[in-house]
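Asks: Okay, here's the prediction I keep looking at, along with the sequence it came from:
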Amino acid sequence: HKLRSVLHELNSLLPPQPLAPHQPHFDPLTGNVCFAAAHHAWAAGLSDLAALYAKRFSLSPSTLERWLWGDVYFNRSKAAFVRGDSYKKNDATNNQDMRKSSSASVKRSFVE
């Protein structure tokens, strides 16, 4: 939730553009956000990460890119990504267990 909160705060600081057809905002899915670790000397956008891991999940990079951001979970036992709303509806108790245990079969996707 921290990354989403930071982006929300950053977007709230952008001045409105009354004549622009679309208000400017930062969103990893539009490609204008970069994730970086200065200590480890790397930086990547969501599309870079998707291209790196696409083969591992047997998905196209563009499909995986959509699954890497937002309320998304990866179910290890089914080897599939699930949207958070459908996951929470189907198994709310597993959602609580997932937060408690680092070895749960369903984990958050890469970022949120």
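Replies: In hand now; what should we look at?

Asks: V82 - that's part of a strand, no?
Replies: Yes - under DSSP: H, G, I helix; E, B strand; the rest coil, V82 falls within a strand.

Asks: Touching, P28 and G45? I think so.
Replies: Yes - using C-beta atoms under 8 Å, P28 is in contact with G45, at 7.2 Å. C-beta here means a position set from N, CA and C on the backbone, and glycine is covered the same way.

Asks: what residues are shared contacts of the two?
Replies: By C-beta atoms under 8 Å, 6 or more residues apart in numbering, P28 and G45 have these common neighbours: F35.

Asks: So those two - more neighbours on which side?
Replies: Ranked by neighbour count (other C-beta atoms under 10 Å), P28 and G45 place P28 first, with 21 against 16.

Asks: That one: what's its closest spatial neighbour, skipping adjacent residues?
Replies: Distances taken as C-beta to C-beta, 6 or more residues apart in numbering place L46 nearest to P28, at 4.4 Å, with adjacent residues excluded.

Asks: okay, the one you found: pLDDT?
Replies: Predicted confidence (pLDDT) for L46: 92.
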